[in-house]
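Student: this one's sequence-less:
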């Protein structure tokens, strides 16, 4: 470096400035490395979820499999490596269907929307099985592709979200950027003269990672929504089939189908709870309620599950009165009891209350294998599972205790765990005590009248997914309702103008075509009808931003795939409440 004409003080000042800049760049590099680590952990969680799918998931590009999940390979008797980048979907069906499959894939690549259809599949060993396929157009590495699910319709293991190759590519890019960042830091320490070039490189790497993370988040939100749509249609159609009173063997098959669907719903709803907590849309409903009937109901929920593995659940009596949100507390304890039952085959589980100062401590004791001391804290982390190294999907995703911990934090409750390996574990939650003096009348206001299948009234139903719309109409009509079914906001508003005084309630999908949402649509509907209208929102969105928008509206919300019985109770309850209000307002 040329130092002619510069005094010692000038050189010293420049040197100090360079050292300060070096320190700033080192801090930025450390922050960058930490951000990339967090990004890798996030992607690993989503990858584990997709690989745990109960149905086949695939990505096709240029008529060749670019990705299949382990379940897909297992269904056809192949290894994953035998399918990816080697075989075409046409190779896995009977010869007379191969040209049809190729044509379908070409139409998907051109953007034509897909609908579920039945095919006859060919395993590696030559045996055949029936399957339901659903796919849609997408882009993969900048080129048209198809993504979809394949379910064996003999047991009808319903579709789970697709896992795209993009996550692997994103991980590779993050690792590459980390290596480059490490090299940049070493060059920075060796030669201060290159500080400007390194600063620009770090800035470019940071922007690239932020763009990649944003793209990943948008893709996963869209994939989650799209996978929930066919699951919603399956759920509604299964309920409609049961209402047709099928013969005994068919009824058992349908019941097995519903059971498989409920496993998938449980996995997706666990992820939905995480999204709700991230969005901050859980609103605690604090009230006083007696502990014993509350705990007895929880015990009864797990009696059948415990009996299957010869496990006994004992509840100690208590006259305590609790004060918190009973629904959220139930979710916390359901996760604790479920874990206890799962880890105590042939043993005993004890549930009881102990007073702890001004609070009651609800304890769940089990005789399971216990938890090592060094793992007692991490059991509350997301995707952690003790004693499930092979990731058995029927044991969940490892989100139960994580959700319980976050709900306890939301309610400001203390959630603790104690354990002795080989002897068992005790999980507890401390809850404030309350009084029943102001709660007696409140217990009845949330009861929803039973109405069997005999619903009455006219419902405006709006959903842009054709399969969900058709299935919903069939089920609602079987329940006795008259249904005006619309696929978009324009058709819905037209119905309102022509049936202005006939519509009793609206059931609206949140995400609608042409930039409309259910929140915006109900506002326009009320203007057309010139009156309030009971409204129920349904959605397959799980992104934090969308959830906040929905909950801010104050409208009741159900998440796809919806339990048909819950849908029936919500509709019946809202219609009954509106009828009661109308009678109260009417002059005597």
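Tutor: Thanks, I have it. Predicted model only: the values in this text are computed from it and were never measured.

Student: isn't residue 171 right up against residue 40?
Tutor: Yes. Residue 171 lies in contact with residue 40 (C-beta atoms under 8 Å); the separation is 6.4 Å. The way it works is simple: take the backbone N, C-alpha and C, and place the C-beta from them, glycine included.

Student: let me see the contact set for residue 513.
Tutor: With contact taken as C-beta atoms under 8 Å, 6 or more residues apart in numbering, residue 513 is in contact with 464, 487, 488, 489.

Student: at 7 Å what do you get?
Tutor: Residue 513 sits next to 464, 488 when contact means C-beta atoms under 7 Å, 6 or more residues apart in numbering.

Student: distance of it relative to residue 541?
Tutor: For residue 513, the distance to residue 541 equals 15 Å [C-beta to C-beta, to the nearest Å].

Student: check residue 114 too.
Tutor: Computed as C-beta to C-beta, the residue 114 to residue 541 distance reads 20 Å.

Student: which of the two has more neighbours?
Tutor: Taking neighbours as other C-beta atoms under 10 Å, residue 114 and residue 541 compare with residue 541 leading, 23 against 18.

Student: please give the element, helix or strand, for the more buried one.
Tutor: Here residue 541 is covered by no helix or strand, with elements defined by DSSP states H and E.

Student: quick check: bridge partners of residue 93?
Tutor: residue 121 (DSSP bridges).

Student: so it versus residue 138, what's the distance?
Tutor: 21 Å.

Student: repeat that for residue 516.
Tutor: The gap separating residue 516 from residue 138 is 23 Å, by C-beta to C-beta.

Student: compare these two (neighbour count), which wins?
Tutor: Shown here are residue 516 and residue 138; by other C-beta under 10 Å, residue 138 has more neighbours (23 against 20).

Student: which SSE is immediately downstream of the helix or strand of the chain with the lowest mean pLDDT?
Tutor: Taking mean pLDDT, DSSP states H and E as the measure, the helix or strand of the chain with the lowest value is helix 248-279, at a mean of 60. Using DSSP H and E, the helix or strand that directly follows helix 248-279 along the chain is strand 287-290.

Student: tell me which residues of the following helix or strand past that following strand come out buried.
Tutor: Next in sequence after strand 287-290, counting helices and strands by DSSP H and E, comes helix 291-301. Using 16 or more other C-beta atoms under 10 Å as the test for burial, helix 291-301 gives 291, 294, 295, 298, 299.

Student: and the closest residue to residue 325 other than its chain neighbours, how far from residue 458?
Tutor: Distance criterion C-beta to C-beta, 6 or more residues apart in numbering; nearest residue to residue 325, sequence neighbours excluded, is residue 284 at 4.1 Å. According to C-beta to C-beta, residue 284 stands 35 Å off from residue 458.

Student: likewise residue 344?
Tutor: Residue 344 sits 51 Å away from residue 458, going by C-beta to C-beta.

Student: counting neighbours, go ahead and name the busier of the two.
Tutor: residue 344 (23 against 15).

Student: how about the buried residues of helix 291-301 in JSON lines, adding distance to residue 472?
Tutor: Formatted as JSON lines, these follow (distance: C-beta to C-beta, whole Å):
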{"residue": "291", "distance to residue 472": "39"}
{"residue": "294", "distance to residue 472": "34"}
{"residue": "295", "distance to residue 472": "37"}
{"residue": "298", "distance to residue 472": "32"}
{"residue": "299", "distance to residue 472": "35"}
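
Student: ok, then the element right after the lengthiest strand in the chain?
Tutor: Assignment by DSSP state E gives strand 128-140 as the longest strand of the chain. Per DSSP H and E, the first helix or strand lying C-terminal to strand 128-140 is strand 143-152.

Student: for that following strand, packing partners?
Tutor: Contact here means 3 or more C-beta pairs under 7 Å, 6 or more residues apart in numbering; DSSP states H and E; on that basis strand 143-152 packs against strand 56-61, helix 98-109, strand 128-140.

Student: now do the last one: distance to the chain's middle.
Tutor: The reference is to strand 128-140. Taking C-alpha atoms, centre = their mean, to the nearest Å, the mean C-alpha location of strand 128-140 is offset from the chain mean by 21 Å.

Student: over to the second one?
Tutor: In terms of C-alpha atoms, centre = their mean, the gap separating the centre of helix 98-109 from the centre of its chain is 31 Å.

Student: determine the set of other helices and strands touching it.
Tutor: Counting by 3+ C-beta pairs under 7 Å, 6+ apart, helix 98-109 packs on strand 128-140, strand 143-152.

Student: and for the longest one?
Tutor: Packing partners of strand 128-140 (3+ C-beta pairs under 7 Å, 6+ apart): helix 98-109, strand 117-122, strand 143-152.

Student: need the winner for burial among the ones you listed.
Tutor: Among these, strand 143-152 has the highest mean neighbour count (mean count of other C-beta atoms under 10 Å), at a mean of 22.

Student: could you pull up the mean pLDDT of the next helix or strand after it?
Tutor: Per DSSP H and E, the first helix or strand lying C-terminal to strand 143-152 is helix 166-190. When pLDDT is averaged over helix 166-190, the result is 77.

Student: can you pull the buried residues of helix 166-190?
Tutor: 166, 167, 170, 174, 177, 178, 181, 184, 185, 188.

Student: now do the same contact list for residue 310.
Tutor: For residue 310, the contacting residues are 345, 346, by C-beta under 7 Å, 6+ apart.

Student: check it and give its pLDDT.
Tutor: 89.

Student: could you do the one 3 residues further on as well?
Tutor: We note a pLDDT of 90 for residue 313 in this prediction.

Student: for residue 408, same thing?
Tutor: Note on residue 408: pLDDT of 85.

Student: now residue 99
Tutor: For residue 99, pLDDT reads 90.

Student: can you tell me the closest non-neighbouring residue to it?
Tutor: Using C-beta to C-beta, 6+ apart, the closest residue to residue 99 is residue 90 (7.8 Å).

Student: can I assume the one you found is in contact with residue 98?
Tutor: Yes. The pair residue 90 / residue 98 is scored as a contact, 3.9 Å apart, by C-beta atoms under 7 Å.

Student: next, give phi and psi for residue 353.
Tutor: Phi and psi for residue 353, reported as degrees, to the nearest 10, are phi -120, psi 140.

Student: tell me who's in contact with it.
Tutor: Residues near residue 353 by C-beta under 7 Å, 6+ apart: 291, 318, 320, 360, 361, 362.

Student: just the ones of those in helices?
Tutor: The helices, defined by DSSP state H, take in residue 291 from these.
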